[in-house]
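Asks: Sequence first, then the predicted structure, then my questions.
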Amino acid sequence: MKEQESSMAGKGDIRTNKDVELLVDTFYGRARQDELVGPIFNDTIQDRWPEHLAKLYGFWQTVLLGERSYQGAPFIPHFPLPIDERHFQRWLQLFHATLDDLFTGLKAEEAKQRAVMMARMFQYKIAEYKAAGITPIQ
């Protein structure tokens, strides 16, 4: 319903917490249904979706709006997951498509760039930790 309301009003840029919530809700709704990344999200998060989505609102509000509403270390929970480059590429495809469907503007483009950089950094760190045979400290 939120997705339809946004498209009726016309696409704008990401400006408010509500915009971030729409992005997160729409993206993770799609990701949960995806045949490649969906099982990983659903098996990992299980019935804790409301808690996880609230954390993601804070993360993206901090990243995109400068709200400082997220505190945590996003890499650590991803390290033990059975993910590789295919999963990161699919995550980026879904994330970019969601942004394109819902928003247009500089902040939406920034969100795409930040997502690419995060995916690269996570892949690099996972490879480095695994090559060294160590687990990141929590």
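Replies: All right, it came through fine. Numbering: from 1, shown residues only.
Asks: pull the longest helix from the chain.
Replies: Longest helix in the chain, counting residues (DSSP state H): helix 106-132.
Asks: what helices or strands is that helix leaning on?
Replies: helix 49-65, helix 75-78, helix 85-102 (3 or more Cβ pairs under 8 Å, 6 or more residues apart in numbering; DSSP states H and E). (C-beta placed from N, C-alpha, C; glycine too.)
Asks: got the buried residues for the first one?
Replies: Along helix 49-65, these residues count as buried under the neighbour rule (16 or more other Cβ atoms under 10 Å): 52-53, 55-65.
Asks: Report how many residues lie close to the spatially closest residue to residue 87 that is not a sequence neighbour.
Replies: Spatial nearest neighbour of residue 87, excluding adjacent residues (Cβ to Cβ, 6 or more residues apart in numbering): residue 37 at 5.6 Å. Residue 37 has 21 neighbouring residues, counting by other Cβ atoms under 10 Å.
Asks: Report the contact partners of the spatially closest residue to residue 121 that is not a sequence neighbour.
Replies: The shortest distance from residue 121 to any non-neighbouring residue, by Cβ to Cβ, 6+ apart, is to residue 75 (7.7 Å). Contacts for residue 75 (Cβ atoms under 8 Å, 6 or more residues apart in numbering) come out as 121-122, 125, 136.
Asks: Repeat that for residue 36.
Replies: 86-87, 90.
Asks: let's go with 6 Å and repeat that
Replies: residue 90 (Cβ atoms under 6 Å, 6 or more residues apart in numbering).
Asks: Same check on residue 51?
Replies: Counting by Cβ under 6 Å, 6+ apart, residue 51 has no contacts.
Asks: Equivalent analysis for the one 5 residues further on, please.
Replies: The neighbours of residue 56, taking Cβ under 6 Å, 6+ apart as the test, are residue 24.
Asks: any idea how far it is from residue 77?
Replies: Distance of residue 56 to residue 77, computed by Cβ to Cβ, to the nearest Å: 12 Å.
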